[in-house]
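Enquirer: Need a 3D model of the following:
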Amino acid sequence: MFAIVERCQALVDEHFNSDVATPEQLQQLVPIRVLASDGTIKEPTPILPNDTVEEIYALSYEFMDYPEDLASLGLGYYANYLKV
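Expert: This next block holds a predicted model:
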(Lines give C-alpha, C1' and ligand atoms only; values in the text may rest on other atoms or scores of the structure.)
Protein backbone atom coordinates (compact mmCIF):
# COMPACT_ATOMS: atom_id res chain seq x y z
CA MET A 1 0.00 0.00 0.00
CA PHE A 2 2.89 2.31 0.75
CA ALA A 3 4.15 1.87 -2.81
CA ILE A 4 0.76 2.96 -4.18
CA VAL A 5 0.74 6.11 -2.05
CA GLU A 6 4.37 6.79 -2.92
CA ARG A 7 3.60 6.52 -6.65
CA CYS A 8 0.68 8.95 -6.33
CA GLN A 9 2.88 11.44 -4.49
CA ALA A 10 5.61 11.07 -7.12
CA LEU A 11 3.05 11.88 -9.85
CA VAL A 12 2.01 15.02 -7.99
CA ASP A 13 5.60 16.08 -7.27
CA GLU A 14 6.50 15.66 -10.94
CA HIS A 15 4.00 18.33 -11.98
CA PHE A 16 3.27 20.48 -8.92
CA ASN A 17 5.03 22.04 -5.93
CA SER A 18 2.62 21.23 -3.12
CA ASP A 19 4.86 22.87 -0.50
CA VAL A 20 3.78 26.35 -1.62
CA ALA A 21 0.23 25.52 -2.74
CA THR A 22 -2.91 27.15 -1.43
CA PRO A 23 -5.71 24.96 -0.04
CA GLU A 24 -7.74 25.73 -3.16
CA GLN A 25 -4.92 24.54 -5.42
CA LEU A 26 -4.54 21.35 -3.40
CA GLN A 27 -8.26 20.63 -3.82
CA GLN A 28 -7.90 20.99 -7.58
CA LEU A 29 -5.05 18.50 -7.90
CA VAL A 30 -7.44 15.63 -8.49
CA PRO A 31 -10.75 17.30 -9.29
CA ILE A 32 -14.05 15.69 -8.44
CA ARG A 33 -17.07 16.06 -10.67
CA VAL A 34 -19.93 17.71 -8.78
CA LEU A 35 -23.64 17.64 -9.53
CA ALA A 36 -24.90 21.22 -9.52
CA SER A 37 -28.32 22.24 -8.19
CA ASP A 38 -29.58 22.67 -11.77
CA GLY A 39 -28.74 19.04 -12.57
CA THR A 40 -25.63 19.75 -14.63
CA ILE A 41 -22.26 18.24 -13.85
CA LYS A 42 -19.51 20.70 -12.96
CA GLU A 43 -16.11 19.66 -14.28
CA PRO A 44 -13.43 21.53 -12.33
CA THR A 45 -10.24 22.36 -14.20
CA PRO A 46 -7.43 20.14 -12.96
CA ILE A 47 -4.00 21.51 -12.13
CA LEU A 48 -2.32 18.25 -13.10
CA PRO A 49 -2.29 16.95 -16.67
CA ASN A 50 -5.33 14.81 -17.52
CA ASP A 51 -3.27 11.65 -18.05
CA THR A 52 -1.72 12.11 -14.61
CA VAL A 53 -5.15 12.59 -13.01
CA GLU A 54 -6.36 9.40 -14.70
CA GLU A 55 -3.32 7.50 -13.41
CA ILE A 56 -3.98 8.78 -9.87
CA TYR A 57 -7.62 7.68 -10.17
CA ALA A 58 -6.47 4.21 -11.25
CA LEU A 59 -4.03 4.03 -8.34
CA SER A 60 -6.75 5.12 -5.91
CA TYR A 61 -8.94 2.20 -7.01
CA GLU A 62 -5.95 -0.12 -6.64
CA PHE A 63 -5.47 1.25 -3.12
CA MET A 64 -9.14 0.75 -2.22
CA ASP A 65 -9.07 -2.81 -3.60
CA TYR A 66 -5.99 -3.76 -1.60
CA PRO A 67 -6.73 -6.97 0.31
CA GLU A 68 -5.47 -5.84 3.71
CA ASP A 69 -8.13 -4.97 6.28
CA LEU A 70 -6.68 -1.66 7.43
CA ALA A 71 -9.33 -1.05 10.07
CA SER A 72 -8.50 -4.32 11.82
CA LEU A 73 -4.76 -3.80 11.43
CA GLY A 74 -5.03 -0.27 12.84
CA LEU A 75 -7.18 -1.34 15.77
CA GLY A 76 -4.84 -4.21 16.50
CA TYR A 77 -1.83 -1.92 16.52
CA TYR A 78 -3.38 0.99 18.45
CA ALA A 79 -5.46 -1.11 20.88
CA ASN A 80 -2.76 -0.84 23.53
CA TYR A 81 -2.91 2.95 23.33
CA LEU A 82 -6.70 3.28 23.52
CA LYS A 83 -8.33 4.03 26.85
CA VAL A 84 -11.34 1.80 27.32
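Enquirer: Please pull out the lowest mean pLDDT helix or strand from the chain.
Expert: The weakest-scoring helix or strand in the chain, judged by mean pLDDT, DSSP states H and E, is strand 34-35 (a mean of 78).
Enquirer: Neighbouring strands of it in the sheet, and parallel or not?
Expert: In the sheet, strand 34-35 lines up against strand 41-42 (antiparallel) (DSSP bridges).
Enquirer: same question for the partner strand, mean pLDDT?
Expert: What strand 41-42 shows for mean pLDDT is 81.
Enquirer: With stretch 53-71 instead?
Expert: Mean predicted confidence for stretch 53-71 is 88.
Enquirer: Just the buried positions in it, please.
Expert: 53, 56, 59 (16 or more other Cβ atoms under 10 Å). (C-beta placed from N, C-alpha, C; glycine too.)
Enquirer: quick revisit: give me the contact list for the least confident helix or strand of the chain.
Expert: The set of residues external to strand 34-35 that reach it, using Cβ atoms under 8 Å, 6 or more residues apart in numbering, is 41, 42, 44.
Enquirer: Tell me which stretches of this protein form helices.
Expert: 2-15, 23-27, 50-64, 70-78 (DSSP state H).
Enquirer: residue nearest the centroid of this structure?
Expert: In the chain, the centroid-proximal residue (Cα atoms, centre = their mean) is residue 60; its distance is 6.4 Å.
Enquirer: that older thread, mind putting the helices of the chain into a markdown table with distance to residue 35?
Expert: Below are these laid out as a markdown table (distance: least, Cβ to Cβ, whole Å):
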| stretch | distance to residue 35 |
| --- | --- |
| helix 2-15 | 26 |
| helix 23-27 | 17 |
| helix 50-64 | 18 |
| helix 70-78 | 29 |
